[in-house]
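A.B. asks: have a look at this prediction, sequence included:
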Amino acid sequence: MSGPRPVRAPRGTELSALGWQQEAALRMLQNNLDPEVAEHPDKLVVYGGTGKAARDWRSFDAMVRTLRTLKQDETMLVQSGRPVGVMQTHEWAPRVLIANSNLVGDWANWEEFRRLEQLGLTMYGQMTAGSWIYIGTQGILQGTYETFAAVAAKLALKNKHSNGTLAGTITLTAGLGGMGGAQPLAVTMNDGVAICIDVDPRAIERRIEHKYLDVRANSLEHALQLAVEARDARKPLSIGLLGNAAELLPRMLAEGAPIDIVTDQTSAHDPLAYLPVGIDFDDMADAAAKDPAGFTLRARESMAKHVEAMVGFMDAGSEVFDYGNSIRGEAQLAGYSRAFDFPGFVPAYIRPLFCEGRGPFRWAALSGEASDIHKTDRELLKLFPENESLHRWIKMAGERVHFQGLPARICWLGQGERDKAGELFNNMVADGTLAAPLAIGRDHLDCGSVASPYRETEAMRDGSDAIADWPLLNAMVNVASGASWVSIHHGGGVGMGRSIHAGQVSVADGTKLAGEKIRRVLTNDPGMGVIRHVDAGYEEAEATADAQGVRVPMREGDDVQAPTREGDDA
């Protein structure tokens, strides 16, 4: 079959490739396009409106065919969703190397990208779509949960809500797609109330079906009524509201809606994926295709109204932040001068975690058996008995997270933790505790793998926001350390010209070789986050480097002797 068709990753222990490293890449590629996982699988779009797993169906078939025949000393090269070569390498080398959406600086804009995409020469890989480690909405859930937990802590410091949760608050946001769909559950996990706006009724229905969203309101008035009742009862509740945020937020501001927190996760990074005021949702695709320039202009004008209302809520006392979709940048392009008056979520809440090498660590059960994830959950809690945040998250995730596609889990672990977890998982495969190997990866939204001045590297202490050497070094060190596949992407969740980021996946197949690779990769990968933040002048990162033995040459004096490791010559 050469065109769209249902795709689902195989389950069980029978191999269709020549080894588990290749089988893992094959299954994760297929899992990205599982109808339970992908937003528009027929179009190969995984999430974010345009983030694809493969350039076209012919390329998808070629990747599947190649992965099934790839040898243990070969590496498949993927250029923006198309396999372009197989090279003989060695068993420590990645089985797949991926580069997506990368354009030379002066050409790195949406207009040039779309011209090349129209010619069939590239595709948009987002972050985990084009690197084959998307695990459904859960993939962004803990990061969103951690962000709202940090918001709750900040509100507690301001003595507005002394219990340190979101109980008694109402959060207003928009966007219930593959990434934004995590918002309602993240808020209710923090005991808050959320009103979540989306223009697509199917997105609301899907989130309710997957138990990420509780109810759908019939109108704005109904949404506010439900929200206020739940807030006053201090009961968590998430409410889906059909409509355009660029219309509803200004209206709610004007009417004095009692909103405590405001953010947004619409697909604003790509103006063609944001619905302008005055266009019906059913007409959106045709309008964008017929006049992309005019549609972009109207979308940005609507984003300006949306952001202006967010600033209005901030002026009225609400906690307001950008959740990394470039809506401030797009509003600024439309002429709104106060677009950057409120901060992004990383400098506001997350950067201290990045300084510790913390970030989104995820793993998928290639067996397809949920019991494998439940077993890893239990053993992970035993491995880190003192980590209260981890225990709280794993308990809630086990009770409330709906698996999409291959069963998977995510949690935030830092330097000195990820390698221990990876080796634990590899041992569980080796001794037969797990039915099959695990694919261990992470989001590209991580401590040391991205340069993104509108998100992860916004407002760096030393002004190095746009320095893109770091994700390139991250990708190279993961290749050198033995990751199973490694990727370098442009654009991601903030759009063309605005970020460079890298990803890695390491397969725990129970072998001694896999264990050695995992130890190196899962030490060096978060270590990149530590040294990146040490270099930028963060004392928290310096403390982590000292505690975890991360070498930073610029902090070593001339008289410092390199430590001797076991096996080195005396």
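C.D. replies: Yep, it's here. Computed from a predicted structure; not experimentally measured.
A.B. asks: host element of Ala153?
C.D. replies: Following DSSP states H and E, one finds Ala153 within helix 138-157.
A.B. asks: let me know the average pLDDT across that helix.
C.D. replies: The pLDDT scores in helix 138-157 average 89.
A.B. asks: any buried residues in it, and which?
C.D. replies: 138-152, 154-155 (16 or more other C-beta atoms under 10 Å). Every residue, glycine included, has its C-beta placed from N, CA and C.
A.B. asks: what does stretch 413-430 give?
C.D. replies: 413-426, 428-430.
A.B. asks: just these: which are in strands?
C.D. replies: Leu413 (DSSP state E).
A.B. asks: for the helix holding Ala153, the distance to its chain's centre please.
C.D. replies: 15 Å (C-alpha atoms, centre = their mean, to the nearest Å).
A.B. asks: ok, stretch 280-292 next?
C.D. replies: 27 Å.
A.B. asks: and the end-to-end length of that stretch?
C.D. replies: Stretch 280-292 has its terminal residues 16 Å apart, counting by C-alpha to C-alpha, to the nearest Å.
A.B. asks: the one helix or strand Lys305 maps to packs against which elements?
C.D. replies: Assigned by DSSP H and E, Lys305 belongs to helix 292-315. If you count contacts as 3 or more C-beta pairs under 8 Å, 6 or more residues apart in numbering; DSSP states H and E, helix 292-315 packs onto helix 245-254, strand 261-262, strand 319-320, helix 327-333.
A.B. asks: how about those in TSV, adding mean neighbour count and distance to Thr66?
C.D. replies: Below are the helices and strands packed on helix 292-315 laid out as TSV (neighbours: other C-beta atoms under 10 Å; distance: least, C-beta to C-beta, whole Å):
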stretch	mean neighbour count	distance to Thr66
helix 245-254	20	43
strand 261-262	24	47
strand 319-320	22	47
helix 327-333	24	38
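A.B. asks: could you list the low-confidence segments of the stretch 451-570 of the chain?
C.D. replies: 558-570 (pLDDT under 70).
A.B. asks: Val479: which of the helices and strands packed on helix 292-315 is closest?
C.D. replies: Among the helices and strands packed on helix 292-315, the nearest to Val479 by C-beta to C-beta is helix 327-333 (31.6 Å).
A.B. asks: assign a three-state SS to the nearest residue to Pro184 once chain neighbours are set aside, would you?
C.D. replies: Here the nearest residue to Pro184 in space, its sequence neighbours aside, is Ser238; by C-beta to C-beta, 6 or more residues apart in numbering that works out to 3.2 Å. Each residue gets one of three states, and Ser238 gets strand by DSSP: H, G, I helix; E, B strand; the rest coil.
A.B. asks: likewise the one 3 residues further on?
C.D. replies: For Leu241, the reduced secondary structure class is strand; criterion used: three-state DSSP.
A.B. asks: now the element after the lengthiest strand in the chain, going C-ward?
C.D. replies: Determined from DSSP E, the single longest strand within the chain is strand 500-508. Downstream of strand 500-508, the next assigned helix or strand under DSSP H and E is helix 512-535.
A.B. asks: packing partners of that following helix?
C.D. replies: Using 3+ C-beta pairs under 8 Å, 6+ apart, helix 512-535 sits against helix 351-355, helix 418-430, strand 438-442, helix 469-481, strand 500-508, helix 539-548.
A.B. asks: and Trp363, how far from Leu434?
C.D. replies: 10 Å (C-beta to C-beta, to the nearest Å).
A.B. asks: that older thread, count of neighbours near the residue nearest to Pro184?
C.D. replies: As a burial measure, Ser238 scores 27 neighbours (other C-beta atoms under 10 Å).
A.B. asks: what sits against it?
C.D. replies: 184-185, 187-188, 193-194, 196, 212-215 (C-beta atoms under 8 Å, 6 or more residues apart in numbering).
A.B. asks: quick one: mean pLDDT for stretch 252-269?
C.D. replies: So the average pLDDT for stretch 252-269 ends up being 96.
A.B. asks: how about Arg95, nearest residue that isn't a chain neighbour?
C.D. replies: Closest to Arg95 by C-beta to C-beta, 6+ apart is Gln21, at 4.9 Å.
A.B. asks: just Glu379 next, same as before
C.D. replies: Nearest residue to Glu379, sequence neighbours excluded (C-beta to C-beta, 6+ apart): Leu424, at 6.0 Å.
A.B. asks: isn't the one you found right up against Lys382?
C.D. replies: No - applying C-beta atoms under 8 Å, one finds Leu424 not in contact with Lys382, separated by 9.0 Å.
A.B. asks: now do stretch 332-347: distance from first to last residue.
C.D. replies: Stretch 332-347 end-to-end distance (C-alpha to C-alpha) = 20 Å.
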